[in-house]
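Engineer: Predicted model and sequence follow; I will ask about them next.
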Amino acid sequence: MNEREKIYEGKAKILYKGTEKSTAIQYFKDHATAFNNLKKSTIEGKGIFNNKISEHIFIKLNQIGIKTHFIKSLNEREQLIHMVEIIPLEFIVRNIATGSLTKRLGIIDGTVLSKPLLEYSYKNDELGDPLVAREHIAEFNWASSAELDLINNQCLKINNFMQTMFKNVGIKLVDFKLEFGRINIDGKKEILLADEISPDTCRFWDVVSEKKLDKDRFRKDLGNLIQAYQEVAERLGITIEK
Ligand code: 5GP
């Protein structure tokens, strides 16, 4: 592999310096981690599916007016992106109660929520990405009130769009995580959707069987993760060149 300057290495992705100062290359690894890095593995091909699925969704979101960091696809594992200053928050959108929501509040798994529920987590691995309130975000200046209003709106718009997109291919969009960043364009600050949207960051259930088609297959030792990611890609009409 050619020598490139690494900016940052995370659990599932690496960021390299891009061709221009304001860009970066996002490389999708095959590493799988769960429970704040307590469970780790390598699943061959996972990075390829996440890259292609995320690229497909980001392009569609761009077409409906969501500004994203995605610039162009480079190859099966890499995309060129705008370099953003990541807002240190995870925006979790939930349509059906499962995962940490059911554990935290004792809600029955699978309960359909009356409307989308938006939660904020502080991005900090050492603390286990704790849930925070809008008041914490204001107090510690993680995002301004205007930024949060804009992002909340975008989260709901993205949820609406993705719910329909997945319903059309027989998949329930149960919940997902989004990240946003700031960028200066011509001296103007913009908020861009960043990171990725993939079976690693969403929960997808088959509409009929409720079979899990996402990272819960790894978290819960259900097996056949690659087959599930491939099924999501195929249903979305994404072709992966081998
Ligand atoms: P939960 O809070 O139930 O564990 O996760 C809610 C949703 O957000 C799930 O779709 C999960 O995949 C996603 N999510 C939350 N935190 C993270 C994270 O740190 N990494 C990834 N990949 N996904 C996350």
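Structural biologist: Arrived safely.
Engineer: For W205, which non-adjacent residue is closest in space?
Structural biologist: K172 (4.5 Å; CB to CB, 6 or more residues apart in numbering). All C-beta atoms are positioned from the backbone trio N, CA, C, and that covers glycine.
Engineer: ok, the one you found touching F166?
Structural biologist: Yes - applying CB atoms under 8 Å, one finds K172 in contact with F166, separated by 7.0 Å.
Engineer: pLDDT score assigned to the residue of the chain found nearest the ligand?
Structural biologist: Of all residues in the chain, G99 sits closest to the ligand, at 2.2 Å by CB to the nearest ligand atom. Listed pLDDT for G99 reads 98.
Engineer: swap in the one 3 residues further on?
Structural biologist: pLDDT, the model's per-residue confidence, is 98 for T102.
Engineer: Which secondary structure state does it sit in?
Structural biologist: Taken by DSSP: H, G, I helix; E, B strand; the rest coil, the conformation at T102 corresponds to helix.
Engineer: which element follows the helix or strand where I81 lies toward the C-terminus?
Structural biologist: Using DSSP states H and E, I81 sits in strand 78-82. Moving toward the C-terminus from strand 78-82, the next helix or strand (DSSP H and E) is strand 85-86.
Engineer: Now do that next one: which elements does it pack against?
Structural biologist: With contacts taken as 3 or more CB pairs under 8 Å, 6 or more residues apart in numbering; DSSP states H and E, strand 85-86 sits against strand 171-185.
Engineer: buried stuff in the helix or strand following the strand it packs on?
Structural biologist: Next in sequence after strand 171-185, counting helices and strands by DSSP H and E, comes strand 188-194. Residues 191-194 are the ones in strand 188-194 that count as buried (16 or more other CB atoms under 10 Å).
Engineer: Enumerate every residue touching L74.
Structural biologist: Each residue near L74 by CB atoms under 8 Å, 6 or more residues apart in numbering is listed here: 25, 80.
Engineer: Now do stretch 188-201: distance from first to last residue.
Structural biologist: End-to-end distance for stretch 188-201, by CA to CA, to the nearest Å: 30 Å.
Engineer: Help me see whether that stretch makes contact with the ligand, please.
Structural biologist: Yes - counting by CB under 6 Å from any ligand atom, contacts between stretch 188-201 and the ligand involve 200-201.
Engineer: Also stretch 152-159?
Structural biologist: No - applying CB under 6 Å from any ligand atom, one finds stretch 152-159 separated from the ligand by no less than 11.9 Å.
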